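Engineer: I'll drop the sequence and a predicted model, then ask my questions.
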Amino acid sequence: MFKKIILLAVFVLFILTGCSYPNISSSDNLTGARFSFFDVGQGDSTLIQAEDGTTILIDTGRQDNNHILEKLQQKKVSKIDLLLLTHPHADHIGYADKVIEKYKPREIWMSGFVFNSSIYERVIDAALASSAKYKEPRRGNKANFGPFEIEVLSPDQLSEDANNNSLCIRLTYGRISAIFTGDAEKSREQEMVHSGLNLKADILDLGHHGSSTSNQPFFLDKVQPKIAVYSAEQANRYGHPHQEVLTWLNERHIKTLGTDVNGEITITTDGKTFHTSTEKEGIPKPGSSYSAKEKIRPHEKMEGAKSEEMPNVININRASKEELQFLPLVGPELAEKIIRARPYHSIDDLKRVNGIGNGIVRQIKAQGIAQVK
């Protein structure tokens, strides 16, 4: 991990016109810009495209499905100009390594917060192996990608909390603007409000999947969005979106859409006005309103650090399939192959496994937690 921190340090450079419900189209004839809020279950991923071909992807969804790759293919994405990963939780960066390897983004933005998980390790490995410019922007930094203007709202300085280290941005296309805050919570919202930066936006991607730890009334009053969007799985174990947030939005007459009930949500704009369309009809309701039976999802993994903590030691002769996936570039299929080829007398012995070469062995050794005894 120390080696990766050093490498990272080297790489760092530096209104609403109506709502309808048609089926989502992946037409190449885009005029203006399009925001596609993907339905990736209890995760988050948004694709932003302009008619000149500029493409920005914010987060990549969960680690336990490949929805994001399917959706990018459906949208006929051939390149990514900016891959912005708000924070290192698995429901936001789960497929980022695969996206980096396939689409070779021109720039990758992350907060720089070092996180102890195998998924984070894979993303960093993929970023370092790519030709992308890697940046860790801070509050007040600005950048242009095609017709899009981006200003970083947070963080100013990193804290010890992954959620509150989320990269928060205000993105503008013409006179239309949108704010994305990842999983940033109340204290960061307060900092953004007190920063003096322009927070007014037409579109708000609700923080932390519609959690009441974010989306505070004072923040909503500063942003004054015309429409709010959240990404969540129906009947998720976290109760997203929270009742309080839906109440605060309703009190302010802010139109709200969610991927749990509306599926994929698309907002198109000419830079002056915008239009919304959804994959399904549905009215958002609090996650807590679903029955207890519906909430039981044994397969669903927790989003935070506890579920992604890396063990101190992985014995490749005894580790489970899940434990083996904490090793660099080892996924479910490769983990099964490792198990079938046991026993091993050294880490180098892993090269007997089809799909494991010198590069993967070198990274496993550098990680320093694999052993054979």
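Structural biologist: Yep, that arrived.
Engineer: so which residues of the stretch 151-300 of the chain form strands?
Structural biologist: Under the criterion DSSP state E, counting those that start in this stretch, the stretch 151-300 of the chain contains strands at 168-173, 176-180, 203-205, 227-230, 255-258, 265-269, 274-278.
Engineer: should've said the stretch 1-150 of the chain
Structural biologist: For the stretch 1-150 of the chain, the strands defined by DSSP E, counting those that start in this stretch cover 16-20, 33-37, 46-50, 55-58, 82-84, 107-109, 133-135, 142-145, 148-154.
Engineer: circling back: which one of the strands of the stretch 151-300 of the chain lies nearest to Asp97?
Structural biologist: Closest to Asp97 of the strands of the stretch 151-300 of the chain is strand 176-180 (Cβ to Cβ; 21.1 Å). Backbone N, C-alpha and C define where each C-beta goes, glycine included.
Engineer: dump the strands of the stretch 151-300 of the chain into a markdown table; add mean pLDDT and distance to Gly239 as well.
Structural biologist: Below are those laid out as a markdown table (pLDDT from 0 to 100; distance: least, Cβ to Cβ, whole Å):
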| stretch | mean pLDDT | distance to Gly239 |
| --- | --- | --- |
| strand 168-173 | 98 | 23 |
| strand 176-180 | 98 | 22 |
| strand 203-205 | 98 | 19 |
| strand 227-230 | 98 | 12 |
| strand 255-258 | 98 | 13 |
| strand 265-269 | 98 | 20 |
| strand 274-278 | 97 | 22 |
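Engineer: export those strands to a markdown table and tack on distance to Asn215 and mean neighbour count?
Structural biologist: Formatted as a markdown table, the strands of the stretch 151-300 of the chain follow (distance: least, Cβ to Cβ, whole Å; neighbours: other Cβ atoms under 10 Å):
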| stretch | distance to Asn215 | mean neighbour count |
| --- | --- | --- |
| strand 168-173 | 13 | 24 |
| strand 176-180 | 11 | 24 |
| strand 203-205 | 8 | 25 |
| strand 227-230 | 8 | 26 |
| strand 255-258 | 10 | 21 |
| strand 265-269 | 17 | 22 |
| strand 274-278 | 19 | 22 |
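Engineer: turn those into CSV, columns for distance to Pro286.
Structural biologist: Listed next are the strands of the stretch 151-300 of the chain as CSV, based on distance: least, Cβ to Cβ, whole Å:
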stretch, distance to Pro286
strand 168-173, 24
strand 176-180, 23
strand 203-205, 18
strand 227-230, 11
strand 255-258, 10
strand 265-269, 18
strand 274-278, 19
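Engineer: indicate which one of these is closest to Gln74.
Structural biologist: Of all those, strand 265-269 sits nearest to Gln74, with 12.1 Å by Cβ to Cβ.
Engineer: so what secondary structure elements neighbour the closest one?
Structural biologist: strand 33-37, strand 227-230, strand 274-278 (3 or more Cβ pairs under 8 Å, 6 or more residues apart in numbering; DSSP states H and E).
Engineer: so which elements touch the shortest one?
Structural biologist: What that stands for is strand 227-230. Packing partners of strand 227-230 (3+ Cβ pairs under 8 Å, 6+ apart): strand 203-205, strand 255-258, strand 265-269.
Engineer: run the last query once more with 7 Å
Structural biologist: Applying 3 or more Cβ pairs under 7 Å, 6 or more residues apart in numbering; DSSP states H and E, we find strand 227-230 packed against strand 203-205, strand 255-258.
Engineer: and of those strands, who's closest to Ser289?
Structural biologist: Among these, the nearest to Ser289 by Cβ to Cβ is strand 255-258 (12.7 Å).
Engineer: pull the distance from that closest one to the chain's centre.
Structural biologist: 19 Å (Cα atoms, centre = their mean, to the nearest Å).
Engineer: who does it pair up with?
Structural biologist: strand 227-230 (parallel) (DSSP bridges).
Engineer: just the CA coordinates for the partner strand, please, in CSV.
Structural biologist: In CSV, the C-alpha atoms belonging to strand 227-230 read as follows (Å, rounded to 0.1, in the frame of the first residue of the first chain):
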residue,chain,number,x,y,z
ILE,A,227,-35.4,18.2,-10.0
ALA,A,228,-33.7,15.7,-7.6
VAL,A,229,-32.6,12.2,-8.6
TYR,A,230,-31.4,9.4,-6.3
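Engineer: so how far is that strand off the chain centroid?
Structural biologist: From the chain centre to the centre of strand 227-230 is a distance of 16 Å (Cα atoms, centre = their mean).
Engineer: contact partners of that strand?
Structural biologist: 16, 37, 203-206, 209-210, 241, 249, 254-258, 265, 276 (Cβ atoms under 7 Å, 6 or more residues apart in numbering).
Engineer: now tabulate the helices and strands packed on strand 227-230 in TSV and tack on distance to Thr54.
Structural biologist: As requested, these are exported to TSV (distance: least, Cβ to Cβ, whole Å):
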stretch	distance to Thr54
strand 203-205	17
strand 255-258	24
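Engineer: out of the ones you listed, nearest to Asn354?
Structural biologist: Closest to Asn354 of the helices and strands packed on strand 227-230, according to Cβ to Cβ: strand 203-205, at 41.9 Å.
Engineer: neighbouring contacts of the closest one?
Structural biologist: By Cβ under 7 Å, 6+ apart, strand 203-205 touches Phe35, Thr46, Ala178, Ile179, Phe180, Thr181, Val223, Pro225, Ile227, Ala228, Val229, Ile267.
Engineer: I appreciate the help and will end here.
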